[in-house]
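Engineer: Quick check, what structure comes out for this input:
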Amino acid sequence: MRKIFWGSVLALFAALTLLVTPALAGEKSFLWKIQSKSATVYILGSLHMAKPDIYPLPQKIEESFAKSAVLALEADPAKAQNTALLRQMLAAAAYAKGGTLKEHLSRETFELARREIERLGLSMETFSRTKPWFLAMSIETLELQRLDYDPANGIDIYFAGKAAGEKQIVELESFDYQIRLLNGFSDREQELFLLYTLKEMATLRDEIEELMAAWRGGDAKSMERLVTRTLIESPELRPIYAKLFYKRNREMTARIEQLLKGKQTVFVAVGAAHLVGKEGIIEQLKGKGFTEEQM
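Structural biologist: Have a look, this model is predicted:
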């Protein structure tokens, strides 16, 4: 369950869990170089679950990491093994005082979720006292693992391993922050989030392939279109997007801005969905006057 949960957190916040092959020489990648008067920050649109054959990564990504003294991640994967943090997550994911999932969902949503869980080979009873946000992440991760995607192959874990003992690792957020964010959703928002996840399951494989092509070609416009397609089709999900993406984009941008005020070269890896569009981190940094170049 620990592996499933942390893989889910990363996959959820990124919203992009896909297979990638190395870019051809001369092609753009999902990597940007941001410069201030005193510092350089490389920002990579990260993959939090993947297949092992994404490696080796494109040379320009590895070279940018090698030049950097600091690695910045949404959350440090090494901390996912913290027992106290795991207990906190399990406590947050469960209803207190005997509450049940069924009591907090419409009959239609509950039945859709039950059918999906049974399709994945589990019993709904396993999740009878968990909250909808946890069920949604579990369903997504189980399906991705069924398609051979694994958080152990994620880019965050890969670079965190390379940086251990060699580079400073800083967090733009933390797992604690992410848990509190999810647990702060209202009952209505949690049901919307679960419904969104259930709708995505039928097309998940195809969407991964489309996202793969956009990532591999460094095609930010296509990535933006793919990421926001569900929001255009289901505008009632806007409150979820606002909390999972727009608010967090602003907060992570502010944190990166502080890094740009320093004097070190920093390599940042955040979910690719956070980089694209007018609300994305790259456009926000550009709007603050920093020089940006897609590599």
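
Engineer: could you pull out the strands for the stretch 1-150 of the chain?
Structural biologist: With DSSP state E, counting those that start in this stretch applied, the stretch 1-150 of the chain shows strands at 31-35, 40-46, 70-73, listed in chain order.

Engineer: Quick one: the ones you listed as a markdown table, columns for mean pLDDT and distance to Thr83 too.
Structural biologist: Where C-beta positions appear, they are placed from N, C-alpha and C, glycine not excepted. Supplementary listing: the strands of the stretch 1-150 of the chain in a markdown table, determined by pLDDT from 0 to 100; distance: least, C-beta to C-beta, whole Å:
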| stretch | mean pLDDT | distance to Thr83 |
| --- | --- | --- |
| strand 31-35 | 98 | 35 |
| strand 40-46 | 96 | 26 |
| strand 70-73 | 98 | 21 |
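
Engineer: how about the ones you listed, which one is nearest His274?
Structural biologist: Each of those was scored for nearness to His274 using C-beta to C-beta, and the closest is strand 40-46 (7.7 Å).

Engineer: The closest one packs against which elements?
Structural biologist: Secondary structure elements in contact with strand 40-46, counted by 3 or more C-beta pairs under 8 Å, 6 or more residues apart in numbering; DSSP states H and E, are strand 31-35, helix 59-67, helix 155-163, helix 247-260, strand 265-271.

Engineer: who does Thr265 bridge with?
Structural biologist: Note on Thr265: beta-bridge partners Thr40, judged by DSSP bridges.

Engineer: so it sits right up against Ser68, yeah?
Structural biologist: Yes: when contacts are counted by C-beta atoms under 8 Å, Thr265 is listed as touching Ser68 (4.7 Å).

Engineer: What is the burial count for Thr130?
Structural biologist: In terms of burial, Thr130 registers 16 neighbours under the definition other C-beta atoms under 10 Å.

Engineer: and Arg255, how far is that from Glu173?
Structural biologist: Relative to Glu173, Arg255 is positioned 8 Å away (C-beta to C-beta, to the nearest Å).

Engineer: swap in Tyr241?
Structural biologist: Counting by C-beta to C-beta, the gap between Tyr241 and Glu173 amounts to 17 Å.

Engineer: Give me the more crowded residue out of the two.
Structural biologist: Just comparing Tyr241 and Glu173: by other C-beta under 10 Å the higher neighbour count belongs to Tyr241, 20 against 17.

Engineer: show me what contacts that one?
Structural biologist: Contact criterion C-beta atoms under 8 Å, 6 or more residues apart in numbering gives Leu231 as the residues in contact with Tyr241.

Engineer: Tell me which of the helices and strands packed on strand 40-46 lies nearest to Lys131.
Structural biologist: By C-beta to C-beta (comparing all of these), the closest turns out to be helix 247-260, at 19.9 Å.

Engineer: same question for that closest one, mean pLDDT?
Structural biologist: Averaging the model's pLDDT scores along helix 247-260 yields 97.

Engineer: Report the distance from it to the chain centre.
Structural biologist: Computed by C-alpha atoms, centre = their mean, to the nearest Å, the separation of helix 247-260 from the middle of its chain amounts to 16 Å.

Engineer: Many thanks, I have nothing further to ask.
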